[in-house]
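Undergrad: structure for the following, please:
(2 chains)
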Amino acid sequence: MTPSDPKDAAMTHPAPPLITTSVRLSADDGVAHEPVLTLKDISVFYGGYEAVRGVDMDMAGNQITALIGPSGCGKSTVLRSLNRMNDLIPGARVAGTISYHGQNLYAREVDPIELRRRIGMVFQKPNPFPKSIYDNIAYGPRVTGMKVTSMNDLVEQALRDAALWDEVKDKLKQSALALSGGQQQRLCIARTIAVRPEVILMDEPCSALDPIATGKIEDLMINLAADYTIVIVTHNMQQAARVSHRTAFFTAEVDEAGVRHGRLVEYEDTNKLFTNPNHKRTEDYITGRFG
Amino acid sequence: MTAAAAAREAVIAPPPSLTQRRIRPGELLFRLALQFCLLVAFAFLVALIVFAVYKGWNRLDARLWQNMPTGRASRVEAAGVQSAITGTLWVIALTALISLPTGIASAIYLEEYADNTRWYNRLLELNIQNLAGVPSIVFGILGLGLIARVIGLGFTVITAAVVLSLLVLPTVIIASREALRAVPQSIRQASYALGATRWQTTSRQVLPAAIPGMATGAILALSRALGEAAPLILLGAVTFIRFNPDSLLSTYTTLPIQIYNLIKEPQAEFQELAAAAIVLLLVILLLMNSVAIVIRNKFQKRW
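TA: Numbering: from 1, shown residues only, chains lettered A, B, ... in the order given. Modelled structure (predicted):
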């Protein structure tokens, strides 16, 4: 569809118009993207409560997958099951299989410590360690026992990759807590990529930031997608539309027994999901009529 | 004015004038009550210090820490409490060595490792809280029966230190757990998400962040042990000691016990000496508390 053909647009666009963001990314960019993570019939339980039910999806390598949906729809829960952060919550359990390059993540022989080095995570609230900027970056390589020829070079590279180097190069020994919120979040991203993960999970990474800091992180994400597979949970639909190749829409549904579960409603190319969703619920959500 | 606004006017009294400041007796009364309570606590402390300094003024000199206790009525003017000072320092140092590592390790287990949905971990927690409320004399009886007699360590410095350690252990554990709990969960998650193990996360992130809180709790616990007399009465500290302890198996006395002994004597000189020893004990307590404050300020981190 082209803007020069309003008649055509009117036919495919239901009224009112859906989200109007210039979508820059497309899942179908002419390159073959192997799935890095594959979820088959995933349900996540907290104790006896089934928070998420029956999710099937896969996340393509070197692409950005966005998980959107209203509060309580289980998108963060799904994200946290991808690097087994849910293991740290007593009573949390995952049913179904999550494969990482064909390896079942929840198999007995999988070491969650090693897994988290390969699948890193950036959190909602910037959480730098109360240490120097340098030590924040060096912590991961140190604890994972990475063979590093020059830690200084590694720190510099990580900070450059996170577009933070120019702002902090003269104060590497200063406390990370003195940085602004946006700088702290980029530091957290730098810290994550310092251990050379393959996948970066981001749990609402911009929700505590102002629009300028958010813009910087979004630019950073698009640049990082060349080298990393990124999965982002966001409340902000415009953000999902701006930065993701593919978008999964989750919502909470009440089952026959009256219990709420998070469900995956639709998983599509971002372009498609935000212009012409398959499901009425998706359309209602992205046009603001529900959620 | 609309009809709805007129209806509202009819049921709501007009608000008081904005520019006429009113005195609110309830506010004032509550504030006075709070200040009064603070005053009561503070007044007693000041009275204690003033009274002790006043009574012991004549004996607040080098004799206090240079001389040994003397026997009843003989050479009263030459009496001091040196053996009690050294005994106290021995016992407290040993108590710290025993109770702090044990207590902090227990707290780390309960806070960082234990699954508190398991009944046995909850039972442990409950019992630790109960132990904190057991009278100290009961610990003295336990020490007398078990450590002094059954294990056979006798009335020695090490027996006293072990019993005082048991006494303050619940306090150390509870204070350390509070300090660990105050470390934000986000720091642990950040560490785990980078591929750190539980021990790496605990030792490199959580413990350093918890040190200020732990130091405060530890000093409070040791201060309590320092002033404790009841269990030591059962553990041989009341004996007349004219030499300093030189090993774990030395006999000993401590300042609180020495004060108790001196006050029982009829001579006014001994009473003065007791007051001087009280001042000394307060000074040691104050020094320990300042150490806690220094540690807290040095390691304080802002999130």
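Undergrad: report the central residue of the chain.
TA: Picked chain A for this. Geometric centre of chain A, nearest residue: residue A:232, 1.6 Å, by CA atoms, centre = their mean.
Undergrad: that's the wrong chain, I wanted chain B
TA: residue B:220 (2.5 Å).
Undergrad: check the secondary structure at residue B:134 for me.
TA: Three-state call for residue B:134 (DSSP: H, G, I helix; E, B strand; the rest coil): coil.
Undergrad: quick check: residue A:227 touching residue A:62?
TA: Yes: taking CB atoms under 8 Å as the definition, residue A:227 is a contact partner of residue A:62 at 7.3 Å. For every residue, glycine as well, the C-beta is placed using N, CA and C.
Undergrad: and for residue B:98, the neighbour number?
TA: 18 (other CB atoms under 10 Å in any protein chain shown).
Undergrad: for residue A:108, that is, sorry about that
TA: Neighbours of residue A:108 (other CB under 10 Å): 5.
Undergrad: can you tell me how far it sits from chain B?
TA: Distance, residue A:108 to chain B, by CB to the nearest CB, to the nearest Å: 18 Å.
Undergrad: quick one, what contacts that residue?
TA: Residue A:108 makes contact with no residue, according to CB atoms under 8 Å, 6 or more residues apart in numbering or on different chains.
Undergrad: now do the phi/psi pair for it.
TA: Residue A:108 adopts backbone torsions of phi -60, psi -40, taken as degrees, to the nearest 10.
Undergrad: likewise residue A:177?
TA: Torsion angles, degrees, to the nearest 10, at residue A:177: phi -70, psi -10.
Undergrad: following the chain past the helix or strand of chain A with the lowest mean pLDDT, name the next helix or strand.
TA: Scoring the helices and strands of chain A by mean pLDDT, DSSP states H and E places helix A:6-12 at the bottom, with a mean of 45. The first helix or strand that comes after helix A:6-12 along the chain, using DSSP states H and E, is strand A:35-46.
Undergrad: off-centre distance for that next one?
TA: Centroid displacement of strand A:35-46 relative to its chain, using CA atoms, centre = their mean, to the nearest Å, is 15 Å.
Undergrad: equivalent analysis for stretch A:114-131, please.
TA: Taking CA atoms, centre = their mean, the mean C-alpha location of stretch A:114-131 is offset from the chain mean by 13 Å.
Undergrad: quick one on the thing from earlier: who's more crowded, residue A:227 and residue A:62?
TA: A direct count of neighbours by other CB under 10 Å for residue A:227 and residue A:62 places residue A:62 higher, at 18 against 13.
Undergrad: and that one, what is it in contact with?
TA: A:31, A:33, A:225, A:226, A:227, A:228, A:229.
Undergrad: Provide the secondary structure category for the closest residue to chain A within chain B.
TA: Taking CB to the nearest CB, chain A has its nearest neighbour within chain B at residue B:195, 3.1 Å off. Secondary structure, three-state DSSP: residue B:195 is coil.
Undergrad: quick one: what helix or strand has the closest residue in space to it that isn't next to it in sequence in it?
TA: Distance criterion CB to CB, 6 or more residues apart in numbering or on different chains; nearest residue to residue B:195, sequence neighbours excluded, is residue A:117 at 3.1 Å. In this assignment (DSSP H and E), residue A:117 forms part of helix A:112-118.
Undergrad: wait, is the residue nearest to the centre of chain A part of a strand?
TA: Yes: assignment of residue A:232 by three-state DSSP places it within a strand.
Undergrad: for the residue in the stretch 151-291 of chain A positioned nearest to chain B, list the residues it contacts.
TA: The stretch 151-291 of chain A approaches chain B most closely through residue A:195 (5.7 Å), counting by CB to the nearest CB. Applying CB under 8 Å, 6+ apart to residue A:195 gives the contacts A:117, A:120, A:140, A:141, A:144, A:146, B:194, B:195.
Undergrad: who's in contact with the last one?
TA: Going back to what we said before, that points to residue B:195. Counting by CB under 8 Å, 6+ apart, residue B:195 has contacts A:113, A:114, A:116, A:117, A:140, A:143, A:144, A:195.
Undergrad: buried subset of those residues as a ChimeraX selection?
TA: Selection of the buried residues among those in ChimeraX, burial being defined by 16 or more other CB atoms under 10 Å in any protein chain shown:
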select /A:113,116,117,140,143,144,195
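Undergrad: which two of the contacts of residue B:195 have the greatest separation?
TA: Using CB to CB, the pair of these lying farthest apart is A:114 and A:140, separated by 12.9 Å.
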